[in-house]
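Participant: What would the 3D arrangement of this be:
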Amino acid sequence: MDGVDYLIMRYYKEEHMKNQISFIEIENFKTFDKLRIDSFKRVNLISGKNNLGKTALIEALNLNLSSIDFNNLAKTIKDVLKRRGDDIELDFFKQGNSNLFIKTDIRDINLEYLHKISEIQINLTINKETQGIDASRLFRFPLSFNQSYIENIKFITTGSTDINYLAELYGVLVTKGKDDFLDESLKIFDKNIVSVKLILEKNKPKFKIEMKNTPNRISLSSLGDGINRFMAIICAIWASQDGFLFIDEVENGIHYTNYSKLWKIIFEISKEANCQVFATTHSKECIEAFNKQNKENEATFIELYKNKKDEIVAKTRDYEQLEYSLTHGGSFRGE
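Facilitator: All right, here's what the predicted structure looks like:
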């Protein structure tokens, strides 16, 4: 490779990584006392035993990366709590602490929990600028801050994706002219799928699927959770173009024989859309399928585990390191 080619390749890489992060530092957030993880790449898979903080880690990333201003930070706090079905109690702080910090390449954020005589105040700090608000206001919108909701950061939860949210993601995909791409991608999952169509039925969104040798379109729900999950991930990547996507328990609803197809799609689309993906799993088969797609080391595997001091720490692995653990009986799920 000559000097010109090297500079072109370096410029291309920098341009496509400029919206991505390489590290996170966390202090006093949920299960974490102090945690630092380096070497994030475009695709990142997080594993570990239950209650070691896999979901907490992507929530911390979500909070930091969504915090372009106070309104988005407050909105993301509310969204995280609602996803867990707890929209009245702010439980982000490590037990016994009232201050938490989350830092990435892009910004620092700090939440401080203050008990006052007549209210509970939350101080929100973004890059050293602080705004204090009554905690109850986190659950009343709109807030008085300048509103500019960030659009290209999405979160896919563990369960089946809500039809309204899926319709929203699909709408973004269509505006980007990628609906034909979705049809072709779904054929990888099921070769009998021809196309997807979104319709309104009694003022509610409904997806209809055209299948080979079937005269009438059938409902998306009749094809099972796997198609729903697969479609949600594809749409969410495009909706997160030049941004970030978080997927909790990425394998949920998808049969293990389709994990390789899933990771092939994630690797390919995230590259084209310049989307940085953070996913969690506890499935060995899912980890194996992930690593088979990572022979070019475009991704990082992160294992959360407890050290001898009972602290949660992280170990990152590239393709060769993870392959050795998978084939030689090594630890890779926090055992």
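
Participant: pLDDT below threshold where in the chain?
Facilitator: Low-confidence segments of the chain (pLDDT under 70): 1-18, 85-89, 115-119, 136-149.

Participant: cutoff 80 now
Facilitator: Across the chain, the ranges flagged by pLDDT under 80 are 1-19, 82, 84-91, 96, 114-121, 133-150, 334-335.

Participant: Show me how it divides into domains.
Facilitator: Domains of the chain are assigned by automatic domain parsing as 3-152+240-327, 163-224.

Participant: Tell me which of those domains lies nearest to Glu335.
Facilitator: Distance to Glu335, taken as CB to CB, is lowest for domain 3-152+240-327 among the domains of the chain, at 7.0 Å. C-betas here are computed from N, CA, C, even on glycine.

Participant: Which residue, other than its chain neighbours, is closest to Leu57?
Facilitator: For Leu57, ignoring the flanking residues on the chain, the nearest one in space by CB to CB, 6 or more residues apart in numbering is Ile46 at 5.8 Å.

Participant: so who does the one you found touch?
Facilitator: Lys54, Leu57, Ile58, Phe278, Ala279, Thr280, Thr281, Ile302, Leu304 (CB atoms under 8 Å, 6 or more residues apart in numbering).

Participant: which one of those residues is nearest Ser195?
Facilitator: Ala279 (27.2 Å).

Participant: That closest one belongs to a helix?
Facilitator: No. Counting by DSSP: H, G, I helix; E, B strand; the rest coil, Ala279 falls outside a helix, being strand.

Participant: right, so the domains of the chain: which one is the most enclosed?
Facilitator: domain 3-152+240-327 (a mean of 17; mean count of other CB atoms under 10 Å).

Participant: list the contacts for the residue nearest the centre of the chain?
Facilitator: A centroid search over the chain (CA atoms, centre = their mean) returns Phe246, at 0.4 Å, as the residue closest to the centre. Neighbouring residues of Phe246 by CB under 8 Å, 6+ apart: Ile58, Leu61, Asn62, Ile153, Lys154, Phe155, Ile156, Val277, Phe278, Ala279.

Participant: do that again at 10 Å, thanks
Facilitator: By CB atoms under 10 Å, 6 or more residues apart in numbering, Phe246 lies in contact with 44, 55, 57-59, 61-62, 65, 153-157, 236, 240, 276-280.

Participant: Pretty sure it sits in a strand.
Facilitator: Yes. Counting by three-state DSSP, Phe246 falls inside a strand.

Participant: Use 17 as the first number for this chain going forward.
Facilitator: Understood, numbering begins at 17; the last thing we discussed is Phe262.

Participant: could you dump whichever strand or helix holds Ala72 to CSV, C-alpha only?
Facilitator: Taking DSSP states H and E as the definition, one finds Ala72 inside helix 70-82. The C-alpha trace of helix 70-82 is given here as CSV (Å, rounded to 0.1, in the frame of the first residue of the first chain):
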residue,chain,number,x,y,z
LYS,A,70,-25.4,-6.3,31.0
THR,A,71,-28.6,-4.2,30.7
ALA,A,72,-27.2,-1.6,33.1
LEU,A,73,-24.2,-1.1,30.8
ILE,A,74,-26.2,-0.4,27.7
GLU,A,75,-28.5,1.9,29.8
ALA,A,76,-25.5,3.9,30.9
LEU,A,77,-24.3,4.2,27.3
ASN,A,78,-27.8,5.2,26.3
LEU,A,79,-28.0,7.9,28.9
ASN,A,80,-24.6,9.4,28.0
LEU,A,81,-25.0,9.3,24.2
SER,A,82,-28.5,10.7,24.2
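
Participant: Now the element after that helix, going C-ward?
Facilitator: Using DSSP H and E, the helix or strand that follows helix 70-82 towards the C-terminus is helix 86-99.

Participant: helices or strands next to that next one in the packing?
Facilitator: For helix 86-99, the elements it packs on are helix 70-82, strand 124-131, strand 136-142, strand 145-150, strand 169-172, judged by 3 or more CB pairs under 10 Å, 6 or more residues apart in numbering; DSSP states H and E.

Participant: So which of the ones you listed is nearest Tyr335?
Facilitator: By CB to CB (comparing all of the helices and strands packed on helix 86-99), the closest turns out to be helix 70-82, at 20.9 Å.

Participant: ok, back up a step: if I take the helix holding Ala72 and helix 86-99, what angle do their directions form?
Facilitator: Angle of helix 70-82 versus helix 86-99, following axes from the mean of the first three to the mean of the last three CA atoms, to 10 degrees, is 160 degrees.

Participant: Helix, strand, or coil at Leu214?
Facilitator: Here Leu214 is recorded as strand under three-state DSSP.
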